[in-house]
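Novice: Sharing a model prediction with you, sequence too.
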Amino acid sequence: MASTDSKTTEDPGSIEAGLDALETSVSGRPPLRQTLREKILPPVIAIAVVLVVWQGLISLKIVDDPAKLPSPGAVWAEVEDAWLKGTLLDYIWTSVSRGLFGFALALVIGTPLGLLVARVKFVRAAIGPILSGLQSLPSVAWVPAAVIWLGLKPEMMYAVILLGAVPSIANGLVSGVDQVPPLILRAGRTLGATGLRGTWHIVMPAALPGYVAGLKQGWAFSWRSLMAAEIIAQAPDLGVGLGQLLEVGRTNSSMATVFLAILLILFVGIAIDLLIFSPLERWVLRTRGLLVKS
């Protein structure tokens with residue numbers, strides 16, 4: 001009996017110690033070698049494979065017309081030329097600054113709109129289908145109307161961005177609120193969290209996963225809308241962004257410039273996702289115990 005009692009009294013401590021050790025190992029930072037192997041090496045290999053296949057199409061004469069497919073060296077020459085002229089960063093910053101500012105405006109408008117649609121039945125019945133329809137409407141369809149309404153001004157591009165991003169952000173928040181368990185809402189009301197206080201302290205934290213997904217999709221729509229506006233609407237007052245650079249390459253029949261613009265657009269999209277939305281998604285999942293570090 002004594003041995004049994006001692007085991008009984010020792011087991012909880014050993015379990016607690018094991019859990020503490022597990023928590024310590026989980027929260028520790030992975031070694032640099034593991035980070036390089038799991039995070040950096042795979043995309044580097046993918047890029048290398050794409051470059052090899054790309055150059056192979058040129059070297060093996062599978063595509064022997066530079067007007068259709070320029071070599072990686074020709075595209076790199078365009079990068080060097082734009083860098084030496086001091087225009088490469090200007091192209092990127094012109095589009096990125098527009099995109100981020102337009103997305104910030106969409107965030108300010110889409111968040112309260114999404115809460116209103118999610119929490120008020122009449123508003124959802126009236127506006128919900130319109131938001132879904134606007135989300136499915138291609139952003140390029142708004143460019144001619146925005147040009148007529150606002151002219152060839154930066155405001156025109158921001159209008160196109162808003163029309164493309166606000167529905168995605170609002171619908172993402174509506175989806176997140178719909179997935180909040182009713183028990184959490186009732187518990188919040190019982191504790192006195194009603195009205196704006198309940199929205200801020202109960203609804204928004206509980207709906208955060210859906211909201212973040214809506215933000216990510218909203219940025220994608222913002223970036224696409226901006227590129228469509230820059231390609232179609234061009235004027236000296238608008239400057240030269242990545243969309244304008246793409247259209248300049250098409251006008252001059254320079255596939256190297258076209259490929260440069262496409263790669264820069266792709267690079268900015270990946271960079272924004274890696275620097276902003278991926279860490280935000282990991283933080284949300286980690287705070288809910290859905291993601292652990294190995």
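Specialist: Cool, got the structure. Residues are numbered from 1 along each chain as shown.
Novice: Contact partners for residue 103?
Specialist: The contact partners of residue 103, by Cβ atoms under 8 Å, 6 or more residues apart in numbering, come to 161, 165, 218-219, 222. Heads up, the C-betas are built off the backbone N, CA and C, glycines and all.
Novice: Quick check, central residue of this protein?
Specialist: residue 216 (3.7 Å; Cα atoms, centre = their mean).
Novice: how close does residue 173 sit to residue 238?
Specialist: 32 Å (Cβ to Cβ, to the nearest Å).
Novice: Among these two, which residue is more densely surrounded?
Specialist: residue 173 (30 against 19; other Cβ atoms under 10 Å).
Novice: isn't the more buried one right up against residue 112?
Specialist: No: contact between residue 173 and residue 112 fails when scored by Cβ atoms under 8 Å: they sit 9.3 Å apart.
Novice: Low-confidence ranges, the stretch 51-200 of the chain, go.
Specialist: Counting by pLDDT under 70, the ranges of the stretch 51-200 of the chain that qualify are 192-195, 197-198.
Novice: which stretches of it form helices?
Specialist: For the stretch 51-200 of the chain, the helices defined by DSSP state H, counting those that start in this stretch cover 72-85, 88-119, 121-136, 142-150, 154-178, 182-190, 195-198.
Novice: Just put the ones you listed in JSON lines and tack on distance to residue 246.
Specialist: Putting the helices of the stretch 51-200 of the chain into JSON lines (distance: least, Cβ to Cβ, whole Å) gives the following:
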{"stretch": "helix 72-85", "distance to residue 246": "12"}
{"stretch": "helix 88-119", "distance to residue 246": "10"}
{"stretch": "helix 121-136", "distance to residue 246": "25"}
{"stretch": "helix 142-150", "distance to residue 246": "14"}
{"stretch": "helix 154-178", "distance to residue 246": "15"}
{"stretch": "helix 182-190", "distance to residue 246": "47"}
{"stretch": "helix 195-198", "distance to residue 246": "45"}
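Novice: from the ones you listed, which stretch is densest packed?
Specialist: Mean neighbours per residue, mean count of other Cβ atoms under 10 Å, is largest over these for helix 154-178, with a mean of 24.
Novice: From the contact counts, what lies against it?
Specialist: On a contact count with 3 or more Cβ pairs under 8 Å, 6 or more residues apart in numbering; DSSP states H and E, helix 154-178 meets helix 88-119, helix 121-136, helix 142-150, helix 208-232.
Novice: Could you tell me how far the shortest one lies from the centre of the chain?
Specialist: Remark: helix 142-150 is offset 26 Å from the chain centroid, using Cα atoms, centre = their mean, to the nearest Å.
Novice: same question, the longest one
Specialist: Relative to the chain's own centre, helix 88-119 is displaced by 11 Å; criterion: Cα atoms, centre = their mean.
Novice: Next, the angle from that helix to helix 121-136.
Specialist: For helix 88-119 against helix 121-136, the angle between stretch directions is 150 degrees (axes from the mean of the first three to the mean of the last three Cα atoms, to 10 degrees).
Novice: Neighbours of residue 40, how many?
Specialist: Residue 40, neighbours per other Cβ under 10 Å, totals 11.
Novice: What sits closest to residue 249 if chain neighbours are left out?
Specialist: Setting aside the residues directly before and after it, residue 249 is nearest to residue 257 in space (Cβ to Cβ, 6 or more residues apart in numbering), at 3.2 Å.
Novice: Might one say that the one you found is in contact with residue 248?
Specialist: Yes: with contacts counted by Cβ under 8 Å, residue 257 reaches residue 248, the gap being 6.4 Å.
Novice: more crowded one of these two?
Specialist: Between residue 257 and residue 248, residue 257 has the larger neighbour count (other Cβ under 10 Å), namely 23 against 15.
Novice: now that one, what's its secondary structure?
Specialist: The three-state label given to residue 257 by DSSP: H, G, I helix; E, B strand; the rest coil is helix.
Novice: Please list all residues in contact with it.
Specialist: Listed by Cβ under 8 Å, 6+ apart, the contact partners of residue 257 are 78, 245-246, 248-249.
Novice: ok, now residue 117?
Specialist: In this structure, residue 117 makes contact with 123-124, 127-128, 131, 170, 174, judged by Cβ under 8 Å, 6+ apart.
Novice: The same query, at a cut-off of 10 Å, please.
Specialist: For residue 117, the contacting residues are 123-128, 130-131, 170-171, 173-174, 177, by Cβ atoms under 10 Å, 6 or more residues apart in numbering.
Novice: The residues you listed into JSON lines, with extra columns for distance to residue 85?
Specialist: JSON lines is the format used below for the contacts of residue 117 (distance: Cβ to Cβ, whole Å):
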{"residue": "123", "distance to residue 85": "52"}
{"residue": "124", "distance to residue 85": "52"}
{"residue": "125", "distance to residue 85": "55"}
{"residue": "126", "distance to residue 85": "52"}
{"residue": "127", "distance to residue 85": "48"}
{"residue": "128", "distance to residue 85": "49"}
{"residue": "130", "distance to residue 85": "46"}
{"residue": "131", "distance to residue 85": "44"}
{"residue": "170", "distance to residue 85": "42"}
{"residue": "171", "distance to residue 85": "42"}
{"residue": "173", "distance to residue 85": "43"}
{"residue": "174", "distance to residue 85": "47"}
{"residue": "177", "distance to residue 85": "49"}
